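Chemist: generate a structure from the sequence data that follows.
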Amino acid sequence: MTAAISITDLRKTYPRSWASPPFEALKGVSLSVDAGEVFGFIGPNGAGKSTAIKILTGVMSSSAGSASLFGVDVTQPEARRGLGYVPENPSLPDYLTPMEILAMGLQLHRRKPPNPAAHCLRWLERFGLADVANKVVRGFSKGMAQRTTLAHAMAVEPRLLILDEPLSGLDPIGRQEVVEILDEFRRSGGTIFLTSHVLHDVERLADRFGLINRGQLLAVQSPNDVVGDSELVTVRSVGAAAIAGMRPESGGRWFMELPRSSLWSLMRELESAGHTLIEIKPTLTLESAFMRYLGLSGGGATGKP
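Modeler: Predicted coordinates for the structure are as follows:
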């Protein structure tokens, strides 16, 4: 099966002034993303994420190496057929309406649904924009502009979504609604390549993640693999009685980190003491794994642009 995204020894070097050496933004990155997979591309600012995305979307050429989308080299316009893209900072034509922006997207991607207007309106409704469908986007908040861009990406009926901080600027309700739409797209067989500084979003969406720092790909794993590295779990409960080893929190809550092997014993103690269980979760999250990998990579969390 042809990979949705294939990257081989991808390199990008930016020239500097005569007094400074060239800057290597990507240093031989190689990875493959399967069709139907959600891949989270994470790393600190300046790590090379946006550079890689610009190469994948044809905005920028690489210095060396290759990249392809569904077997078509990214230097070819045909590679972007069926690609939905949401940049980190969308720049929408402020004299157009959301309806016009989506209709333009259909034409550019040569999509011809039976009723284009109804098709566009359906996606605007999904993203909570039906009431402003025919208002110019000038003056839209960041969240509204982000939802318009996401609706544009989905309306073209993509087989691949490349999303650079797709939940940026959205309120909690908007974030949850977008996550549900993206999960629905994944379940229908779509492929997603996304970046996010909110690692919880990657944990709940991605099948695998790749961690990049200073232009080098340090690890490719699934969130479950990372969680499986930990032998500790965190338990939280609420109750009046103190439990040996548990530390108090506000509101009568208690928490404790303990080995998995001791979990059932604690559960019996909590039941006997009349506690109500709030949560049990692995102590190691993707965020803590992220910091661990950066520590192993030699310190500095950021590169320079």
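Chemist: these two touch, right, A273 and M246?
Modeler: No: contact criterion Cβ atoms under 8 Å: A273 and M246 do not qualify, at 9.7 Å. From N, CA and C alone the C-beta is placed, and that goes for glycine too.
Chemist: who has more neighbours, those two?
Modeler: A side-by-side neighbour count of A273 and M246, using other Cβ atoms under 10 Å, places M246 first with 23 against 15.
Chemist: show me where the stretch 1-150 of the chain has strands.
Modeler: 5-14, 23-33, 38-42, 64-69, 72-73, 83-86 (DSSP state E, counting those that start in this stretch).
Chemist: please work out which of these is packed deepest.
Modeler: With neighbours taken as mean count of other Cβ atoms under 10 Å, the strands of the stretch 1-150 of the chain reach their highest mean count in strand 38-42, at a mean of 25.
Chemist: by contact count, what packs against that one?
Modeler: helix 49-56, strand 191-195, helix 199-205, strand 208-213 (3 or more Cβ pairs under 8 Å, 6 or more residues apart in numbering; DSSP states H and E).
Chemist: so for E279, which of the ones you listed sits nearest?
Modeler: Between E279 and the helices and strands packed on strand 38-42, the tightest spacing by Cβ to Cβ is seen for helix 199-205, at 14.3 Å.
Chemist: centre of the chain to that closest one, how far?
Modeler: From the chain centre to the centre of helix 199-205 is a distance of 7 Å (Cα atoms, centre = their mean, to the nearest Å).
Chemist: what average pLDDT does that helix get?
Modeler: For helix 199-205, the mean pLDDT works out to 79.
Chemist: could you verify my assumption that T195 touches D164?
Modeler: Yes: under the criterion of Cβ under 8 Å, T195 makes contact with D164 at 5.2 Å.
Chemist: what about M144, how many residues nearby?
Modeler: The number of residues packed near M144 is 21, by other Cβ under 10 Å.
Chemist: returning to that earlier point: any residues in contact with both of T195 and D164?
Modeler: Residues touching both T195 and D164 (Cβ atoms under 8 Å, 6 or more residues apart in numbering) are 49-50, 53, 88.
Chemist: apart from its neighbours in sequence, what residue is nearest M1?
Modeler: Excluding the flanking residues, the one nearest M1 by Cβ to Cβ, 6 or more residues apart in numbering is A35, at 6.5 Å.
Chemist: list the contacts for L182?
Modeler: 38, 161, 163, 166, 192, 205.
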